[in-house]
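[1] sequence first, predicted coordinates after that:
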Amino acid sequence: MSGRLIGVGVGPGDPELVTVKGVNALRAAAVVVVPVMDTLERGRAEATVLHYVEPEKVVRIVFALNERTDRARREAAWDAAGEQVAELLRCHGTVAFATIGDPNVYSTFTYLALTVGELAAGVAVETIPGITAMQDLAARSGAVLAEGTEPLTLVPVTAGAAVLKEALEGPGTVVAYKFGRLAAEVATALRETGRTEGAVWGSALGLPEESIRPAAELLEGPLPYLSTLIAPARRDTRGGKL
């Protein structure tokens, strides 16, 4: 079977942050697939895509995006989604899959591409990069992600607050993704490692409900799941890490 499956990064939510190449791919594809949760509400990827393509071209496919404990249920959803996309490829040839952020950074597209590859040998898989949440938050808050020889560490807090604390104890800037449900633990990790000052967090970037605040104002209760944190490296002088 021939065909092209293109993972298109559509950024963190602001439709103006989709690249020209990404927009061209969305418009050129016969079908644009967007992932939705089984609760069926419109997600960020779909909302962004609809700024650039007509609704008739968009196919909503359910993923168990909110499933964190039942692996069998989650994988069954991936299998069903893969079968749907494989059928779309057979019928249309070129299918774009829109994913928030970048398709190669903690994206659902990874699992979809693997599944489709097993179901439809011969399909070409491509990706088009997208602006990530950490880049957008850095731009909106003025936080500098990396200078000179500083390392940049990206941690999904779904792996646990202990993983984040270990990263914060090291050098360089630390970015935390998906920490909304563990906001209190994140605040504690920042405090215990002395990294609260200068750190910033944000959610719903580029959307009307956008919130960007100093990490010192982290709330005790849960925040939006897709919250992002930047804890910049400790910097004493200009160019000190060159």
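    That came in fine, so what should we check first?
[2] CA only for contacts and neighbour counts going forward, please
    OK.
[3] report pLDDT for E75.
    At E75, the predicted lDDT confidence score is 82.
[4] for it, what are its contacts?
    Shown in contact with E75 (C-alpha atoms under 8 Å, 6 or more residues apart in numbering): no residues.
[5] and it, its phi and psi?
    E75 adopts backbone torsions of phi -70, psi -30, taken as degrees, to the nearest 10.
[6] distance check, it against V85.
    15 Å (C-alpha to C-alpha, to the nearest Å).
[7] can you map out the strands along the protein?
    All strands of the chain, identified by DSSP state E, fall at 4-9, 31-36, 58-62, 94-99, 124-128, 152-156, 173-177, 200-203, 211-214, 228-231.
[8] what lines up beside the fifth one in the sheet?
    Right, strand 124-128. Its sheet considered, strand 124-128 pairs with strand 4-9 (parallel) by DSSP bridges.
[9] list the contacts of the partner strand.
    18, 22, 25-26, 89, 93-103, 109, 113, 123-131.
[10] just the buried ones from those?
    Among the contacts of strand 4-9, the ones that count as buried by 16 or more other C-alpha atoms under 10 Å are 18, 22, 25-26, 89, 93-103, 109, 113, 123, 125, 127-131.
[11] burial measure for G7, as a count.
    31 (other C-alpha atoms under 10 Å).
[12] quick check: beta-bridge partners of it?
    F97, T127.
[13] next: the one 4 residues further on.
    Here G11 sits in beta bridges with G101, as judged by DSSP bridges.
[14] ok now stretch 38-54, how far from the chain's centre?
    When distances are taken as C-alpha atoms, centre = their mean, to the nearest Å, stretch 38-54 is centred 15 Å away from the chain's centroid.
[15] now the end-to-end length of that stretch.
    Where stretch 38-54 begins and where it ends lie 23 Å apart, using C-alpha to C-alpha.
[16] and that stretch, what's its mean pLDDT?
    pLDDT averaged over stretch 38-54 gives 89.
[17] then stretch 106-124?
    Mean predicted lDDT for stretch 106-124 stands at 91.
[18] report the buried residues of it.
    Result for stretch 106-124 [16+ other C-alpha under 10 Å]: buried residues 108-109, 111-113, 115-117, 119-120, 123.
[19] among those residues, pick out the one closest to V186, please.
    T108 (24.5 Å; C-alpha to C-alpha).
[20] how close does that closest one sit to A81?
    11 Å.
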